[in-house]
Each structure stands twice: as structure tokens, then as C-alpha cells.
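**Q** model the structure of this input:
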Amino acid sequence: MITNFFIPELNNHDVRELWFQQDGATCHTARATIDLLKDTFGDRLISRFGPVNWPPRSCDLTPLDYFLWVYVKSLVYADKPQTLDHLEDNIRRVIADIRPQMLEKVIENWTSRLDYIRFSRGSPMPEIIFKM
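**A** Take a look at the predicted model:
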């Protein structure tokens, strides 16, 4: 998928400053995968075994984990898709419908999470903090 779809799609856009972030799942960090991503993104790779290591217990800190996957999943499966095509259509629709204003709120929330972590000197967050 990375070589056949993702990288060719990136080449269609001006993404020289783009950072790539993936979680630390073992299946995502095969040596060949990390090498390919390093070749593509250089030092702008956030990943286990990448130039910028995936932070431990980072679900409190990464918008993909604390927001995007939960939000997308809740809408994608709302109508219980029965076919792969239906599922793919739902994913495309939900992602396309995410508005810049929502992403601005996510980033505001992210900065407040970072402030909390800095202030508490890295302590886990005592409750879920998410304001929309």
C-alpha cells in the first residue's frame, strides 16, 4: 500500500514539509517499512525505530488516537456497512466531511494536553480531556 498508493499519491502534491506519524504497532515497524519511510520522509518520521521515536503511552498526546480513529469509526459503522465497497465509501465520505474548524478544535485540545503534560512533568492524565 505504501509503495503502490501512498507514495505515488504524495508525489501528486507539494508535501516537502510533511511529517509522517504512525503508531508503534509491531506490524507497522518492519525494517523494510521503516527504511522506506525514512527514505521518503527523512528526519520527519515519527515511528517506533524511526528518527523521532513514538512516545510511550502517547494516546493522550496524539490526535490520531484520542480523536480521529474514534470519531471516524463511530460514523463509518453507523449504518453497519455490509460490503467492502460500502465500508470504503463510508471512510472516504467521513474523512472528506471533516472540516477545518473541527481540526482547529482538535489542535487547541492537543496544545492543552501538552501543557498539562509539561506542567505535571510527564504524569499520566487523570481523566479524559477533550473539549469540542
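**Q** from now on I want contacts and neighbour counts done on CA atoms only, so please keep to that.
**A** Noted.
**Q** quick one: contacts for S120?
**A** Contacts were defined as C-alpha atoms under 8 Å, 6 or more residues apart in numbering; by that measure S120 touches no other residue.
**Q** rerun that using 10 Å as the cut-off
**A** Neighbour list for S120: L114 [criterion: C-alpha atoms under 10 Å, 6 or more residues apart in numbering].
**Q** how close does it sit to L114?
**A** Going from S120 to L114 by C-alpha to C-alpha, to the nearest Å gives 10 Å.
**Q** how about W19?
**A** Separation of W19 from L114 (C-alpha to C-alpha): 19 Å.
**Q** who has more neighbours out of the two?
**A** Regarding W19 and L114, a neighbour count based on other C-alpha atoms under 10 Å identifies L114 as having more, with 16 against 12.
**Q** was I right about that one contacting L61?
**A** Yes - using C-alpha atoms under 10 Å as the test, L114 is close enough to L61 to be in contact (6.9 Å).
**Q** could you list every helix and strand in contact with the lengthiest helix in the chain?
**A** Scanning the chain for the longest helix, with DSSP state H as the assignment, gives helix 100-119. Using 3 or more C-alpha pairs under 10 Å, 6 or more residues apart in numbering; DSSP states H and E as the contact criterion, the elements in contact with helix 100-119 are helix 63.
**Q** tell me what the helix it packs on is packed against?
**A** When contacts are defined as 3+ C-alpha pairs under 10 Å, 6+ apart, helix 63 packs onto helix 100-119.
**Q** just the buried residues of the helix it packs on, please?
**A** The neighbour-count check on helix 100-119 (16 or more other C-alpha atoms under 10 Å) flags V106, N109, W110, S112, R113, L114, Y116, I117 as buried.
**Q** do the same with stretch 72-88
**A** When burial is assessed from 16+ other C-alpha under 10 Å, stretch 72-88 yields the following buried residues: V72, V76, L87.
**Q** look up phi and psi at V15.
**A** V15 adopts backbone torsions of phi -130, psi 40, taken as degrees, to the nearest 10.
**Q** who's in contact with it?
**A** Under the contact definition (C-alpha under 10 Å, 6+ apart), the residues listed for V15 are F41.
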